[in-house]
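Q: Have a look at this prediction, sequence included:
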Amino acid sequence: MNNARYDRVQIILHWLIALMIFAMIGLGLFMVELPKQSELPPGVESVRAFYFLLHKSIGLTLAGLIILRLIWRLTHKAPALPDTVPKWQQKAAGAVHTLFYMVMVAMPLTGYLQSMYSEYDTKFWGIVLPRLAVADDSMRELFTAAHAFFAFCLIGLIIIHIGAVIKHSIAGTGVSERMSLRK
Ligand code: HEM
Ligand code: HEM
(Lines give C-alpha, C1' and ligand atoms only; values in the text may rest on other atoms or scores of the structure.)
(Ligands and ions follow the chains in the order given, each with its own letter.)
Protein backbone atom coordinates (compact mmCIF):
# COMPACT_ATOMS: atom_id res chain seq x y z
CA MET A 1 0.00 0.00 0.00
CA ASN A 2 1.16 3.57 -0.76
CA ASN A 3 1.67 5.14 2.67
CA ALA A 4 3.03 8.57 1.65
CA ARG A 5 2.23 11.30 4.16
CA TYR A 6 1.87 15.07 4.11
CA ASP A 7 5.04 16.90 5.14
CA ARG A 8 5.53 18.32 8.65
CA VAL A 9 4.77 21.95 7.64
CA GLN A 10 1.48 20.99 5.96
CA ILE A 11 0.45 18.85 8.93
CA ILE A 12 1.20 21.55 11.53
CA LEU A 13 -0.51 24.27 9.46
CA HIS A 14 -3.53 21.99 8.82
CA TRP A 15 -4.16 21.43 12.54
CA LEU A 16 -3.34 24.96 13.68
CA ILE A 17 -5.66 26.46 11.04
CA ALA A 18 -8.41 23.87 11.69
CA LEU A 19 -8.34 24.67 15.43
CA MET A 20 -8.46 28.41 14.82
CA ILE A 21 -11.29 28.04 12.27
CA PHE A 22 -13.38 26.05 14.78
CA ALA A 23 -12.78 28.78 17.38
CA MET A 24 -13.63 31.53 14.87
CA ILE A 25 -16.89 29.90 13.77
CA GLY A 26 -17.92 29.51 17.43
CA LEU A 27 -16.88 33.06 18.27
CA GLY A 28 -18.59 34.50 15.16
CA LEU A 29 -21.91 32.77 15.83
CA PHE A 30 -21.74 33.72 19.53
CA MET A 31 -20.85 37.40 19.13
CA VAL A 32 -23.54 38.32 16.57
CA GLU A 33 -26.17 37.33 19.17
CA LEU A 34 -24.75 39.68 21.84
CA PRO A 35 -26.85 42.78 22.59
CA LYS A 36 -25.70 46.13 21.20
CA GLN A 37 -25.15 49.05 23.61
CA SER A 38 -28.46 50.62 22.44
CA GLU A 39 -30.35 47.43 23.39
CA LEU A 40 -29.10 47.44 27.01
CA PRO A 41 -30.45 49.37 30.01
CA PRO A 42 -28.41 52.42 31.08
CA GLY A 43 -25.33 51.53 33.16
CA VAL A 44 -24.89 48.08 31.60
CA GLU A 45 -21.91 47.94 29.26
CA SER A 46 -22.06 45.86 26.08
CA VAL A 47 -19.26 43.30 25.57
CA ARG A 48 -20.13 43.03 21.86
CA ALA A 49 -17.31 45.33 20.67
CA PHE A 50 -14.72 43.36 22.69
CA TYR A 51 -15.64 40.07 21.02
CA PHE A 52 -15.89 41.69 17.56
CA LEU A 53 -12.36 43.11 17.96
CA LEU A 54 -11.10 39.71 19.17
CA HIS A 55 -12.74 37.99 16.18
CA LYS A 56 -11.16 40.47 13.76
CA SER A 57 -7.66 40.16 15.30
CA ILE A 58 -7.69 36.35 15.36
CA GLY A 59 -9.20 36.36 11.83
CA LEU A 60 -6.43 38.55 10.40
CA THR A 61 -3.76 36.43 12.14
CA LEU A 62 -5.44 33.37 10.63
CA ALA A 63 -5.37 35.06 7.19
CA GLY A 64 -1.55 35.23 7.47
CA LEU A 65 -1.34 31.51 8.29
CA ILE A 66 -3.72 30.68 5.42
CA ILE A 67 -1.57 32.66 2.94
CA LEU A 68 1.52 30.83 4.23
CA ARG A 69 -0.25 27.49 3.81
CA LEU A 70 -1.40 28.37 0.28
CA ILE A 71 2.15 29.33 -0.75
CA TRP A 72 3.49 26.12 0.81
CA ARG A 73 0.82 24.02 -0.92
CA LEU A 74 1.42 25.65 -4.32
CA THR A 75 5.12 24.87 -4.05
CA HIS A 76 4.77 21.38 -2.47
CA LYS A 77 2.59 18.67 -4.02
CA ALA A 78 0.12 16.63 -1.94
CA PRO A 79 1.19 12.97 -1.63
CA ALA A 80 -0.67 10.74 -4.12
CA LEU A 81 -3.59 8.80 -2.65
CA PRO A 82 -3.26 4.98 -2.60
CA ASP A 83 -4.55 3.20 -5.75
CA THR A 84 -7.10 1.39 -3.54
CA VAL A 85 -9.09 4.68 -3.35
CA PRO A 86 -11.47 4.74 -6.36
CA LYS A 87 -10.75 7.44 -8.99
CA TRP A 88 -14.08 9.24 -8.37
CA GLN A 89 -13.27 9.52 -4.66
CA GLN A 90 -9.82 10.91 -5.45
CA LYS A 91 -11.49 13.53 -7.69
CA ALA A 92 -14.13 14.34 -5.02
CA ALA A 93 -11.40 14.76 -2.36
CA GLY A 94 -9.47 17.07 -4.71
CA ALA A 95 -12.62 19.15 -5.33
CA VAL A 96 -13.42 19.46 -1.59
CA HIS A 97 -9.80 20.45 -0.80
CA THR A 98 -9.78 23.08 -3.59
CA LEU A 99 -13.10 24.50 -2.34
CA PHE A 100 -11.65 24.56 1.20
CA TYR A 101 -8.73 26.71 0.03
CA MET A 102 -11.10 29.07 -1.84
CA VAL A 103 -13.39 29.49 1.18
CA MET A 104 -10.39 29.87 3.52
CA VAL A 105 -9.37 32.90 1.44
CA ALA A 106 -12.94 34.22 1.02
CA MET A 107 -13.68 34.21 4.78
CA PRO A 108 -11.01 36.66 6.02
CA LEU A 109 -11.32 38.72 2.82
CA THR A 110 -15.09 39.30 3.14
CA GLY A 111 -14.66 39.76 6.91
CA TYR A 112 -12.06 42.44 6.35
CA LEU A 113 -14.12 44.14 3.63
CA GLN A 114 -17.30 44.33 5.73
CA SER A 115 -15.21 45.76 8.56
CA MET A 116 -13.58 48.29 6.23
CA TYR A 117 -16.97 49.56 4.98
CA SER A 118 -18.37 49.89 8.51
CA GLU A 119 -18.14 53.12 10.48
CA TYR A 120 -15.84 51.50 13.05
CA ASP A 121 -12.06 51.28 12.67
CA THR A 122 -10.53 47.87 12.00
CA LYS A 123 -8.01 47.07 14.70
CA PHE A 124 -5.39 44.33 14.61
CA TRP A 125 -4.51 43.47 18.23
CA GLY A 126 -5.06 47.13 19.15
CA ILE A 127 -3.34 48.67 16.10
CA VAL A 128 -5.73 50.76 13.98
CA LEU A 129 -5.41 49.64 10.35
CA PRO A 130 -5.47 52.29 7.61
CA ARG A 131 -8.94 52.90 6.19
CA LEU A 132 -8.93 52.08 2.47
CA ALA A 133 -12.54 53.16 1.78
CA VAL A 134 -15.18 55.45 3.26
CA ALA A 135 -17.93 53.82 5.33
CA ASP A 136 -20.77 52.61 3.10
CA ASP A 137 -23.78 50.78 4.53
CA SER A 138 -24.87 48.95 1.38
CA MET A 139 -21.31 47.69 0.70
CA ARG A 140 -20.97 46.61 4.35
CA GLU A 141 -24.26 44.71 4.16
CA LEU A 142 -23.17 43.02 0.92
CA PHE A 143 -19.91 41.75 2.45
CA THR A 144 -21.65 40.80 5.73
CA ALA A 145 -24.03 38.60 3.72
CA ALA A 146 -21.10 37.14 1.74
CA HIS A 147 -19.18 36.44 5.00
CA ALA A 148 -22.19 34.59 6.47
CA PHE A 149 -22.74 32.69 3.18
CA PHE A 150 -19.09 31.52 3.05
CA ALA A 151 -19.27 30.56 6.76
CA PHE A 152 -22.23 28.32 5.84
CA CYS A 153 -20.20 26.81 2.92
CA LEU A 154 -17.24 26.26 5.28
CA ILE A 155 -19.41 24.39 7.80
CA GLY A 156 -20.82 22.23 4.96
CA LEU A 157 -17.30 21.38 3.72
CA ILE A 158 -16.14 20.53 7.26
CA ILE A 159 -19.06 18.09 7.68
CA ILE A 160 -18.24 16.35 4.35
CA HIS A 161 -14.49 16.35 5.21
CA ILE A 162 -14.93 14.83 8.68
CA GLY A 163 -17.44 12.32 7.25
CA ALA A 164 -14.80 11.17 4.73
CA VAL A 165 -12.12 10.92 7.46
CA ILE A 166 -14.45 8.78 9.64
CA LYS A 167 -15.22 6.53 6.65
CA HIS A 168 -11.50 6.08 5.90
CA SER A 169 -10.73 5.39 9.57
CA ILE A 170 -13.43 2.72 9.83
CA ALA A 171 -12.36 1.13 6.51
CA GLY A 172 -8.69 1.23 7.64
CA THR A 173 -7.44 2.65 4.32
CA GLY A 174 -4.51 4.48 5.94
CA VAL A 175 -5.67 7.82 4.44
CA SER A 176 -6.56 9.35 7.85
CA GLU A 177 -2.98 8.78 9.06
CA ARG A 178 -1.57 10.93 6.22
CA MET A 179 -2.41 14.08 8.21
CA SER A 180 -1.64 12.63 11.65
CA LEU A 181 0.60 14.59 14.02
CA ARG A 182 2.03 11.30 15.26
CA LYS A 183 4.87 9.81 13.26
C1 HEM B 1 -11.30 32.23 8.60
C2 HEM B 1 -11.62 33.34 9.22
C3 HEM B 1 -13.01 33.68 9.70
C4 HEM B 1 -14.05 32.86 10.07
C5 HEM B 1 -14.11 31.34 10.06
C6 HEM B 1 -15.15 33.73 10.46
C7 HEM B 1 -16.40 33.29 10.88
C8 HEM B 1 -17.47 34.11 11.17
C9 HEM B 1 -18.80 33.66 11.51
C10 HEM B 1 -19.25 32.20 11.59
C11 HEM B 1 -19.56 34.75 11.74
C12 HEM B 1 -21.06 34.78 12.11
C13 HEM B 1 -21.84 34.99 10.83
C14 HEM B 1 -23.30 35.32 11.08
O15 HEM B 1 -23.99 34.55 11.75
O16 HEM B 1 -23.72 36.36 10.58
C17 HEM B 1 -18.73 35.92 11.55
C18 HEM B 1 -19.15 37.23 11.70
C19 HEM B 1 -18.33 38.32 11.55
N20 HEM B 1 -17.00 38.31 11.17
FE21 HEM B 1 -15.87 36.70 10.76
N22 HEM B 1 -14.75 35.03 10.35
C23 HEM B 1 -13.45 35.05 9.88
C24 HEM B 1 -12.66 36.16 9.65
C25 HEM B 1 -13.04 37.48 9.89
C26 HEM B 1 -12.17 38.65 9.70
C27 HEM B 1 -10.72 38.60 9.25
C28 HEM B 1 -12.93 39.75 10.03
C29 HEM B 1 -12.57 41.21 10.01
C30 HEM B 1 -11.36 41.72 9.97
C31 HEM B 1 -14.25 39.26 10.41
C32 HEM B 1 -15.29 40.07 10.81
C33 HEM B 1 -16.55 39.63 11.15
C34 HEM B 1 -17.63 40.53 11.58
C35 HEM B 1 -17.55 42.05 11.71
C36 HEM B 1 -18.76 39.71 11.80
C37 HEM B 1 -20.16 40.14 12.26
C38 HEM B 1 -21.06 40.32 11.08
C39 HEM B 1 -22.39 40.89 11.52
O40 HEM B 1 -22.41 42.00 12.02
O41 HEM B 1 -23.40 40.18 11.35
N42 HEM B 1 -14.28 37.88 10.32
N43 HEM B 1 -17.46 35.49 11.20
C1 HEM C 1 -11.70 23.71 9.73
C2 HEM C 1 -11.36 22.48 9.68
C3 HEM C 1 -10.55 21.85 8.55
C4 HEM C 1 -10.09 22.35 7.36
C5 HEM C 1 -10.28 23.76 6.80
C6 HEM C 1 -9.37 21.28 6.69
C7 HEM C 1 -8.77 21.39 5.43
C8 HEM C 1 -8.09 20.40 4.79
C9 HEM C 1 -7.48 20.50 3.47
C10 HEM C 1 -7.55 21.76 2.59
C11 HEM C 1 -6.88 19.33 3.20
C12 HEM C 1 -6.11 18.99 1.94
C13 HEM C 1 -4.65 19.29 2.13
C14 HEM C 1 -3.93 19.51 0.85
O15 HEM C 1 -3.94 18.66 -0.04
O16 HEM C 1 -3.32 20.58 0.73
C17 HEM C 1 -7.10 18.45 4.34
C18 HEM C 1 -6.64 17.15 4.43
C19 HEM C 1 -6.93 16.32 5.49
N20 HEM C 1 -7.67 16.62 6.62
FE21 HEM C 1 -8.52 18.37 7.06
N22 HEM C 1 -9.40 20.16 7.48
C23 HEM C 1 -10.12 20.47 8.63
C24 HEM C 1 -10.39 19.63 9.69
C25 HEM C 1 -10.04 18.31 9.75
C26 HEM C 1 -10.42 17.39 10.82
C27 HEM C 1 -11.27 17.77 12.05
C28 HEM C 1 -9.87 16.19 10.50
C29 HEM C 1 -9.98 14.88 11.25
C30 HEM C 1 -11.09 14.44 11.75
C31 HEM C 1 -9.13 16.34 9.26
C32 HEM C 1 -8.39 15.38 8.62
C33 HEM C 1 -7.74 15.48 7.42
C34 HEM C 1 -7.00 14.41 6.77
C35 HEM C 1 -6.81 12.98 7.30
C36 HEM C 1 -6.49 14.92 5.56
C37 HEM C 1 -5.66 14.18 4.51
C38 HEM C 1 -6.56 13.68 3.43
C39 HEM C 1 -5.74 13.00 2.32
O40 HEM C 1 -4.82 12.31 2.62
O41 HEM C 1 -6.07 13.22 1.14
N42 HEM C 1 -9.26 17.65 8.83
N43 HEM C 1 -7.85 19.13 5.30
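A: Arrived safely, thanks for sending. Ligands and ions are numbered 1, 2, ... in the order given.
Q: going forward, measure contacts between C-alpha atoms and count neighbours the same way
A: Will do.
Q: Break down the protein into its helices, ranges please.
A: 8-31, 48-75, 87-116, 137-171 (DSSP state H).
Q: Let's have the ones you listed in JSON lines, adding mean neighbour count.
A: Output for the helices of the chain, formatted as JSON lines (neighbours: other CA atoms under 10 Å):
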{"stretch": "helix 8-31", "mean neighbour count": "15"}
{"stretch": "helix 48-75", "mean neighbour count": "16"}
{"stretch": "helix 87-116", "mean neighbour count": "16"}
{"stretch": "helix 137-171", "mean neighbour count": "15"}
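Q: so can I have a markdown table of those helices showing mean pLDDT and distance to ligand 2?
A: Listed next are those as a markdown table, based on pLDDT from 0 to 100; distance: least, CA to the nearest ligand atom, whole Å:
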| stretch | mean pLDDT | distance to ligand 2 |
| --- | --- | --- |
| helix 8-31 | 98 | 4 |
| helix 48-75 | 97 | 6 |
| helix 87-116 | 97 | 4 |
| helix 137-171 | 98 | 5 |
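Q: Could you point out which of these sits nearest R131?
A: Closest approach to R131 among those is made by helix 87-116 (6.5 Å; CA to CA).
Q: The closest one and ligand 1, any residue contact?
A: Yes. Helix 87-116 is in contact with ligand 1 by CA under 6 Å from any ligand atom, via M104, M107, P108, G111, Y112, S115.
Q: hang on, the earlier thing: quick one: which of the helices of the chain is nearest S180?
A: Nearest of those to S180, taken as CA to CA: helix 8-31 at 7.1 Å.
Q: For that closest one, give me every contacting residue.
A: Here helix 8-31 makes contact (CA atoms under 8 Å, 6 or more residues apart in numbering) with 48, 51-52, 55, 58-59, 62, 65-66, 69, 72-73, 151, 179-181.
Q: Just the pLDDT for the closest residue to V165 other than its chain neighbours.
A: The shortest distance from V165 to any non-neighbouring residue, by CA to CA, 6 or more residues apart in numbering, is to S176 (5.8 Å). Looking at S176, its pLDDT stands at 94.
Q: S176: neighbouring residues, count only.
A: Using other CA atoms under 10 Å, S176 has 16 neighbouring residues.
Q: Can you tell me which residues in this protein are near ligand 1?
A: 21, 24-25, 28-29, 32, 56, 59-60, 104, 107-108, 111-112, 115, 144, 148, 151.
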